[in-house]
Each structure stands twice: as C-alpha cells, then as structure tokens.
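**Q** Compute the structure for the input listed below.
(4 chains)
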Number of protein chains: 2
Amino acid sequence: MGKTPAGQTRQQVLAFVRQRLLAGEPPTVREVQHAFKFRSPQTAREHLEGLVDAGMLGKESGKSRGYRLPATARGRASIPQVLVPLVGHVAAGSPSLATEDVDEYITVRSRTPAGSLFALRVRGESMRDAGILSGDVVIVHRQARADSGDIVVALIGDEATVKRLRVHRGRAELHPENPDFQPIPLDREDARLLGRVIEVRRTLG
Amino acid sequence: MGKTPAGQTRQQVLAFVRQRLLAGEPPTVREVQHAFKFRSPQTAREHLEGLVDAGMLGKESGKSRGYRLPATARGRASIPQVLVPLVGHVAAGSPSLATEDVDEYITVRSRTPAGSLFALRVRGESMRDAGILSGDVVIVHRQARADSGDIVVALIGDEATVKRLRVHRGRAELHPENPDFQPIPLDREDARLLGRVIEVRRTLG
DNA sequence: TGACATACCAGACAAAAGTCTGGTACGGTG
DNA sequence: CACCGTACCAGACTTTTGTCTGGTATGTCA
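**A** Here you go, the predicted model:
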C-alpha cells in the first residue's frame, strides 16, 4: 500500500529505535510496528533486520526487546555515557549501591563500567583552592587505592570527605586545599578510601 | 530451603535490577530468577513486586521487561538532555553556531532549547577564586543581558573571556576573580556579552 | 518485457515472559 | 501453643513477543 521511497522509512525506524534504546527501553517488534502504523509485525521486522544486516543495529536474537545499539558505535567511536547515581549519603558499611539512598542519576561520559562510579555533593570549603566549592557535585571512581596528588573521597568515621591524597614520608594523609583546614592522617582505624574524583560539576543559578 | 535473612536478598535483587536498567537492558523475571538461582520465577517475582510496592522500583505491568527505575528517580531524570556543542573558538562575527568550529558535543541536562546553549573551554586563571580553573569547560546560555553578579562570557575584541559581571555605579564591568587581574569595562566598542555561564565542568586525570 | 529489489500485508506458529494457584519451611510473637 | 509474616518452590495458564510462510504492489534496469 502506501509505499514510501526507498530507505526513508528505514532511517526513521533507526531513529525511533535508537531513541528508545538511549532511554533504556528497548522496543518490541510490535511497538515499532504500531509506531509506524504497519499492519503486520513482519514489516517492522524487515526494517529492523535490515538495519541489523547493515550493521546499524545490534540484536540479541530470540530474546524479547533484543535490539541493541551496534557494537561498533558503542566500543569505538564515542565514549559511552553511563548513568551515575548521585548518593545523598554514603553509608559507613558497604560501598555497594544498594545501601545508599540515591537521589538522582547523572549522565557521565566515561569508559568506566557504570557500577564503579558514583556522584557526591560536596559540603564545605576545605577544597576551595582546588576549585571545588560547597555544593559542587563530584563524580567518583570507586577504588581502594590512589596515587599521591589525586583528589579522593574518603570515609572518616561516618562522613564522606573530599581531599587531596598526599603520601608524606610513607604515610598517607588527606590534605585540604584551604589554609583554614588541617590535614588528616589516613591510617586511622575509622578511615577508608572510597575512590578518586574524576570529574567536578557545578551548576550556577 | 536456603532461606536468607529478611530483606537481604531483596536488596541484592534491587541492586541487580538497577544495574541492568542503567545498562539499558531491563531484565525479565526469569533472568532475575536465574541470577539468584531461584527455582521458581515466582520467587523472583515476589521480590520484584515487593520492591515495586516499597516504591523502590517502577513497573509497566504486563509488558515484558517492564521493570523500571522508580518514578522518583526518573522525575528529575526527565529533565531533557540536550547536546551542546563545545566550540573551540568563538568567532568574532556572529554568535550563531554555523561560524564556530565544533570540537565535540556534550550532554547537558537543561530545559533550555539546545540551540541557545554552547560550551567553551576556559583558558587562564582569571576566575580562579570563583572555582573556575584553566581547562574547565563552561556551559553557556546565549543571552545579550545578564544580572550583576552573574558569571558571563563576553567577547573582547576577538577573544572570548569568562568573567563576573558587575554593574558598578551604572556601568557594567567584567570582574575577574583573581587579584592578579584587572576589571574590564564592558562599554568598549569591541566588547559584547555572549551569554551566562550555567554550569562548570572539570575532568581530572 | 521480464527479472529483480523494495515496501508492505495477512495470518499463523512457537518461544519468551508475565502471572496465578496452591503449596512447604522457618522464625518470631502474643 | 496457634498465628502470622517472610522466604521459597512446583507447575501451570495467559499474554506478549519473536519468527515464519506465503502473498501483493510498485519501481528499476537490462
């Protein structure tokens, strides 16, 4: 019936599927069918399989909602975007996601797997001279070790704090970047390194 | 059988589902079942539905792979994301995109239409005390006017510069936030306000 | 003109996945 | 102790979804 010019519908199908995939909701064949008012799921399937054959879509065959972004576009060209939880409170116990209350998710461009990143809102002015102000959001890569000079997040007792790590005469210390604050030795019993700050973000009015 | 302490498995199920959702691949009930080696899909379902009842998960009932992030987490996430061009060089002529060379695009969460935003890499230390360092990326909302106190981007001659706008005795001035630099009056012939900085980003190592 | 490709449809089958009924086992609690 | 709630299981039903077979219509190109 209403035949469209060659390749035109296909591009629109690709755009539709891509959008859904980026939203985290892979569409079904029939969802594509209805979005384009096809009267047969097969029509949608032909477009989808065509895009897969052309390498413009990936697919997990047989599984429901199995169409994916192509492996090429994910691995090579651009740095993938991951959703990072902004945790309002870092629990003293486990560094796992489950025990922290998540306020919202932030999109970060990183090659790091999503699970190993979290975001934290900074309180206080102790890192002022490093350009990290109160209210800023820091993206943190979970890691138990860091190099001297790295800006890190550590758990002191029950509180998460952002400082610069300095290894001074073989002893690790957390150095604030503000002359009003004092360094904190990291070898305390109740101190633990949570991760390294890989990005800082600040929103202005 | 292997009964686990109350609520423990549930938290792990939540972590599992959340991770899958963030990866853009919502799991099926049976995928959860197998991930936790339950012998009945119903067991997985009970945990999932429990998490939905507790408001920790959302769900599109009946549909396959229908579990979602809870509405609370999505509410803010639903602020649209726009792709903002990171311009390497701000042309002296027009403030339009076409004449600027775009290095890459950055994802920003903003209700502002995409066309009215651009991003710029900061050079120099003139805004050091405002927490904006050399190499930082600022997201700028194009606007010809701004309030006193706003951090703005202005074109001075052929060069874009980031400063704080101060209206001082009726005269607009661009104030650096670094005592080593001098304020610049904005009423010069070759000066023009490009926009207001709405976000600052810094990537560390 | 015929061979071929694209775009689409009808209707069905089969696998995947959501859902339900009815259970067992264990721990706490009045 | 009986009672309730949590954690789990077996097995089946139903819907959703992927897939297939066999078609029509239209355009291109030798």
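
**Q** my read: A:L86 touches A:V108, true?
**A** No - using C-beta atoms under 8 Å, A:L86 is not in contact with A:V108, being 10.5 Å away. Backbone N, C-alpha and C define where each C-beta goes, glycine included.

**Q** Now do the shared contacts for the two.
**A** A:A119 (C-beta atoms under 8 Å, 6 or more residues apart in numbering or on different chains).

**Q** Give me every residue in chain A lying close to DNA strand D.
**A** A:3, A:28-31, A:40-42, A:45, A:61-66 (C-beta under 7 Å from any atom of the strand).

**Q** Please determine how far A:L22 is located from DNA strand C.
**A** With distances taken as C-beta to the nearest atom of the strand, to the nearest Å, A:L22 is found 20 Å from DNA strand C.

**Q** what sits against that residue?
**A** B:G24.

**Q** any idea of the pLDDT on it?
**A** You'll see A:L22 listed with a pLDDT of 72.

**Q** all helices of chain A, in order?
**A** A:8-22, A:29-35, A:41-53, A:71-72 (DSSP state H).

**Q** if you average pLDDT over each of those, which comes out lowest?
**A** Across those, helix A:71-72 gives the lowest mean pLDDT, at a mean of 58.

**Q** The closest residue to A:V153 other than its chain neighbours: neighbouring residues, count only.
**A** Spatial nearest neighbour of A:V153, excluding adjacent residues (C-beta to C-beta, 6 or more residues apart in numbering or on different chains): A:L194 at 4.6 Å. Other residues near A:L194 number 21, with proximity taken as other C-beta atoms under 10 Å in any protein chain shown.

**Q** Was I right to think A:L194 contacts A:R142?
**A** Yes - between A:L194 and A:R142 there is a contact under C-beta under 8 Å: 6.6 Å.

**Q** re earlier: the residues of chain A next to DNA strand D: which two are farthest apart?
**A** A:K3 and A:K63 (31.2 Å; C-beta to C-beta).

**Q** Have a look at these two and say which one is more surrounded.
**A** Between A:K3 and A:K63, counted using other C-beta under 10 Å, A:K63 has the larger neighbour count: 15 against 6.

**Q** Return the backbone torsion pair for that one.
**A** When quoted as degrees, to the nearest 10, the phi and psi of A:K63 stand at phi -80, psi 150.

**Q** ends of stretch A:63-82, how far apart?
**A** 23 Å (C-alpha to C-alpha, to the nearest Å).

**Q** now stretch A:136-148
**A** Stretch A:136-148: ends 23 Å apart by C-alpha to C-alpha.

**Q** likewise stretch A:129-148?
**A** Using C-alpha to C-alpha, one end of stretch A:129-148 lies 17 Å from the other.

**Q** tell me which residues of that stretch are tucked away?
**A** A:130-133, A:136-142, A:146 (16 or more other C-beta atoms under 10 Å in any protein chain shown).

**Q** same deal with stretch A:188-199?
**A** Buried-residue list, stretch A:188-199, by 16+ other C-beta under 10 Å: A:191, A:193-199.

**Q** And stretch A:160-170, by the same measure?
**A** A:160-165.

**Q** who does the longest strand anywhere in chain A pair up with?
**A** The residue-count maximum for a strand in chain A (DSSP state E) belongs to strand A:191-203. Here strand A:191-203 has these sheet partners by DSSP bridges: strand A:137-142 (antiparallel), strand A:151-156 (antiparallel), strand B:191-203 (antiparallel).

**Q** any idea how far the second one is from the chain center?
**A** Spelled out, that is strand A:151-156. Here strand A:151-156 is found 20 Å from its chain centre; the criterion is C-alpha atoms, centre = their mean, to the nearest Å.
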